[in-house]
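Colleague: Show me how the following folds:
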Amino acid sequence: MTTSITEVETNGVERIPDADRTARPVDLFRLAFGGANTFATCVLGSFPILFGLSFWQGLAATLLGLLAGALLLAPMALFGLANGTNNAVSSSAHLGVHGRIVGSFLSLLTAVAFFSISVWSSGDALVGGAHRLAGLPESDVTYGIAYAIFAGLVLVVCVYGFRFMLMVNKIAVIAASALFVLGVFAFAGDFDAGYAGTFASTADPLFWPSFIGSALIVLSNPVSFGAFLGDWSRYIPATTPRRRVMGAAFLAQIATLLPFVFGLATASIIASKAAEYVDPDAPNYVGGLLAISPGWYFLPLCLIALIGGLSTGTTALYGTGLDVSSVFTRFSRVQSTFFIGALSIAFIFIGRFALNLAQSISTFATLIITCTAPWMIVMTLGYVTRRGWYDGDALQVFNRRQTGGRYWFNHGWNWRGVSTWLLSAGVALLFTNLPGQFVGPLGNLANGADISLPVGLALAAVVYLGLLTLFPEPRGVYGPEGPRFVRASDTAVAPIVGSPDEETAAAEPATAV
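Modeller: A predicted model of the protein is given here:
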């Protein structure tokens, strides 16, 4: 029976029953696009201008980063389709029953960071807009009230679960898109596509580092969804064609050109008419946007902040509660969501009022993406070499407090996948170059360009395929058709032993999608 949107979702990370898998690829599109069609994405879209690029150079960097990120993200939607569970649990197949905590840890950090950014940016826009519209004082008290109300709304939606969140995003996708389109009329008179930026030519030694940095910031937005796509695609029937599910995930990111270009275009206007707001040492895109907006567009801006921020916050926090409940199995999804939500809200207030961590959170999010991308490569290549075949029962061993199974490997750890992630993420961090924030020991080897992400991606692909070839995995993990592109060993698979936490737990059939 399909769960009503007014009922609190009780599903955890166990395989979703086929009767409840009634979502469609378009629903995945709505959730992924709704989570990115937000004010926070506009802020990311402003970075090419902050880095000194012209409008057209910034648009090229945005297209490059968005296309690369969408291609990298799309396969991550297949794990929920194949296994009916979230991506962290599915990663047991490639990192081991215990190694899957890497995915849970990454998704937890990503969610807290992006939830915080969403609440901060949306709260600031709401208070700023209300100040211009109704004279609301801009004080710590008003900001605190805005953050609390906004975070509370997000938490309520997440507690109700997938169906309620889907309903919210159905509304958010249409409403936020319409308001962004309305912005075309608000800023058309001031926009100049010929905005030249600060570089005299591409021969400037700082141009390419700025261009690459801009593209990587855009790319980080799709990558941030990598750990969460399975949270939503697990509700899609397993018989759905893979190309449709991947296509929905890909197109959802391409559609974010709307908020990205909105941010890029309005930032170029701010740079021309209110340059003090794009000072590289203290950029304030939200303040600049309010400064250049016509009075009639203040209310639409507040609605964008409210609707878009709600979408981003729910997509991040829902996945976090789900993941924590899968690691600490004594907690239900609802209990985990409340717990992580409370911690996140406390973090938001401490960071905003006590430590002023806005810049640090931006750095924190970038570093998380640098570490998440190699994990995504391991997952994607693992899917390819396994031909999309997984043993649903063996994936749930950790959650049922059992041992053994196809994915037990070495005491619950698949050192091939785990070591690939550790090495690739570690080396990528060495190449990180965020001037004034974090510069790794090798960060200046590319003339100031941040090449951490491409280094991590390439290294993960080479190392993982090399390890699978030199140290073959047991034949039992590959299913009836055997491995693709790599060899298999005749190592025996340990049987599953121990009792499930719930007496009604039953073995799930192996799946191949």
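Colleague: Not counting its own residues, what contacts stretch 427-443?
Modeller: With contact meaning CB atoms under 8 Å, 6 or more residues apart in numbering, stretch 427-443 is reached by 209, 213, 359-360, 362-363, 366-367, 370-371, 373-374, 444-446, 448-453, 455-456, 459. Yep, even glycine has a C-beta here, placed from its N, CA and C like the rest.
Colleague: Then stretch 174-187?
Modeller: 34, 37-38, 258-259, 262, 265-266, 269, 292-294, 296-297, 300, 303-304, 307-308, 311.
Colleague: What are the buried residues along it?
Modeller: 175, 176, 177, 179, 180, 183, 186, 187 (16 or more other CB atoms under 10 Å).
Colleague: CA atoms only for that stretch, dumped as PDB, please.
Modeller: Extracted in PDB, the C-alpha atoms of stretch 174-187 (Å, rounded to 0.1, in the frame of the first residue of the first chain):
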ATOM      1  CA  ILE A 174       7.700  25.000 -10.700                       C
ATOM      2  CA  ALA A 175       7.500  27.900  -8.300                       C
ATOM      3  CA  ALA A 176      11.300  28.500  -8.000                       C
ATOM      4  CA  SER A 177      11.700  28.200 -11.800                       C
ATOM      5  CA  ALA A 178       9.000  30.700 -12.400                       C
ATOM      6  CA  LEU A 179      10.500  33.200 -10.000                       C
ATOM      7  CA  PHE A 180      13.900  32.800 -11.600                       C
ATOM      8  CA  VAL A 181      12.400  33.400 -15.000                       C
ATOM      9  CA  LEU A 182      10.600  36.500 -13.600                       C
ATOM     10  CA  GLY A 183      14.100  37.700 -12.600                       C
ATOM     11  CA  VAL A 184      14.900  38.000 -16.300                       C
ATOM     12  CA  PHE A 185      12.500  40.900 -16.500                       C
ATOM     13  CA  ALA A 186      13.700  42.300 -13.200                       C
ATOM     14  CA  PHE A 187      17.300  42.600 -14.300                       C
END
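Colleague: surely residue 486 meets residue 470?
Modeller: No. Between residue 486 and residue 470 there is no contact under CB atoms under 8 Å: 9.6 Å.
Colleague: Comparing those two, which shows the higher neighbour count?
Modeller: Using other CB atoms under 10 Å as the criterion, residue 486 and residue 470 rank with residue 486 on top: 20 against 10.
Colleague: Check what pLDDT the residue nearest to the more buried one when sequence neighbours are not counted gets.
Modeller: Distances taken as CB to CB, 6 or more residues apart in numbering put residue 468 closest to residue 486, at 4.3 Å, once the chain neighbours are dropped. Predicted confidence (pLDDT) for residue 468: 97.
Colleague: do the same with residue 380
Modeller: 97.
Colleague: Now it: closest residue in space, sequence neighbours ignored.
Modeller: Nearest one to residue 380, counting by CB to CB, 6+ apart, is residue 75 at 4.6 Å.
Colleague: mind listing what that neighbour touches?
Modeller: Residue 75 neighbours (CB under 8 Å, 6+ apart): 246, 379, 380, 383.
Colleague: Tell me the pLDDT of the residue nearest to residue 85 when sequence neighbours are not counted.
Modeller: Excluding its sequence neighbours, the residue lying closest to residue 85 (CB to CB, 6+ apart) is residue 13, at 5.2 Å. Reported pLDDT at residue 13 in the predicted model: 71.
Colleague: for the one 3 residues further on, same thing?
Modeller: Reported pLDDT at residue 16 in the predicted model: 88.
Colleague: on that earlier part again, and the contacts of stretch 174-187, which of them are buried?
Modeller: Neighbour-count burial within these applies to 34, 37-38, 258-259, 262, 265-266, 269, 292-293, 297, 300, 303-304, 307-308, 311; the criterion is 16+ other CB under 10 Å.
Colleague: Among those, name the ones in helices.
Modeller: 34, 258-259, 262, 265-266, 269, 292, 300, 303-304, 307-308, 311 (DSSP state H).
Colleague: Using a markdown table, please lay out those residues together with distance to residue 126 and pLDDT.
Modeller: Below are those laid out as a markdown table (distance: CB to CB, whole Å; pLDDT from 0 to 100):
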| residue | distance to residue 126 | pLDDT |
| --- | --- | --- |
| 34 | 19 | 80 |
| 258 | 21 | 94 |
| 259 | 17 | 93 |
| 262 | 18 | 95 |
| 265 | 22 | 96 |
| 266 | 17 | 95 |
| 269 | 21 | 95 |
| 292 | 18 | 90 |
| 300 | 12 | 85 |
| 303 | 9 | 80 |
| 304 | 10 | 79 |
| 307 | 11 | 75 |
| 308 | 11 | 69 |
| 311 | 15 | 69 |
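Colleague: Tell me the one of these nearest residue 19?
Modeller: residue 34 (25.7 Å; CB to CB).
Colleague: where are the low-confidence patches of the protein?
Modeller: 1-12, 157-169, 280-282, 308-309, 311-313, 315-334, 351-362, 365, 436, 499-513 (pLDDT under 70).
Colleague: what about the strands in it?
Modeller: Secondary structure of the chain by DSSP state E: the strands cover 389-391, 433-434, 438-439, 473-474, 488-489, 510-512.
Colleague: Single out the most deeply packed of those strands.
Modeller: Ranked by mean neighbour count, these are led by strand 389-391 with a mean of 24 (mean count of other CB atoms under 10 Å).
Colleague: Which other helices and strands does it contact?
Modeller: Secondary structure elements in contact with strand 389-391, counted by 3 or more CB pairs under 8 Å, 6 or more residues apart in numbering; DSSP states H and E, are strand 510-512.
Colleague: Residue 485 contacts residue 386, doesn't it?
Modeller: No. The pair residue 485 and residue 386 fails to qualify as a contact (CB under 8 Å) at a distance of 10.6 Å.
Colleague: neighbour-wise, which of those two wins?
Modeller: residue 386 (22 against 11).
Colleague: returning to what we had before: out of the strands of the chain, flag the one nearest residue 105.
Modeller: With CB to CB as the measure, strand 438-439 is the member of the strands of the chain nearest residue 105 (19.5 Å).
Colleague: Show me what that closest one pairs with in its sheet, parallel or antiparallel.
Modeller: Sheet pairing of strand 438-439 (DSSP bridges) gives strand 433-434 (antiparallel).
Colleague: From the buried residues of stretch 174-187, pick the one nearest residue 56.
Modeller: residue 187 (17.2 Å).
Colleague: any idea how far the closest one lies from residue 255?
Modeller: For residue 187, the distance to residue 255 (CB to CB, to the nearest Å) stands at 20 Å.
Colleague: Repeat that for residue 490.
Modeller: From residue 490 to residue 255 the distance is 48 Å (CB to CB).
Colleague: Pick out whichever of the two has more residues nearby.
Modeller: Per other CB under 10 Å, whichever of residue 490 and residue 255 has more neighbours is residue 255, with 20 against 8.
Colleague: Was I right to think that one contacts residue 35?
Modeller: No. Contact status for residue 255 versus residue 35: not in contact, 11.5 Å apart, counting by CB under 8 Å.
Colleague: possible to save the ones in helices among the buried ones among the contacts of stretch 174-187 as CSV with distance to residue 20?
Modeller: Listed next are those as CSV, based on distance: CB to CB, whole Å:
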residue, distance to residue 20
34, 21
258, 32
259, 32
262, 37
265, 42
266, 42
269, 47
292, 48
300, 37
303, 33
304, 33
307, 28
308, 29
311, 23
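Colleague: right, and out of these, which lies closest to residue 222?
Modeller: Proximity of these to residue 222 (CB to CB) peaks at residue 259, which lies at 12.9 Å.
Colleague: what about residue 344, neighbour count?
Modeller: Neighbours of residue 344 (other CB under 10 Å): 23.
Colleague: wait, I meant residue 139
Modeller: Neighbours of residue 139 (other CB under 10 Å): 11.
Colleague: before we move on, what about residue 221?
Modeller: For residue 221, using other CB under 10 Å, the count is 26.
Colleague: same deal with the one 3 residues further on?
Modeller: Each residue near residue 224 was counted by other CB under 10 Å, and the total is 25.
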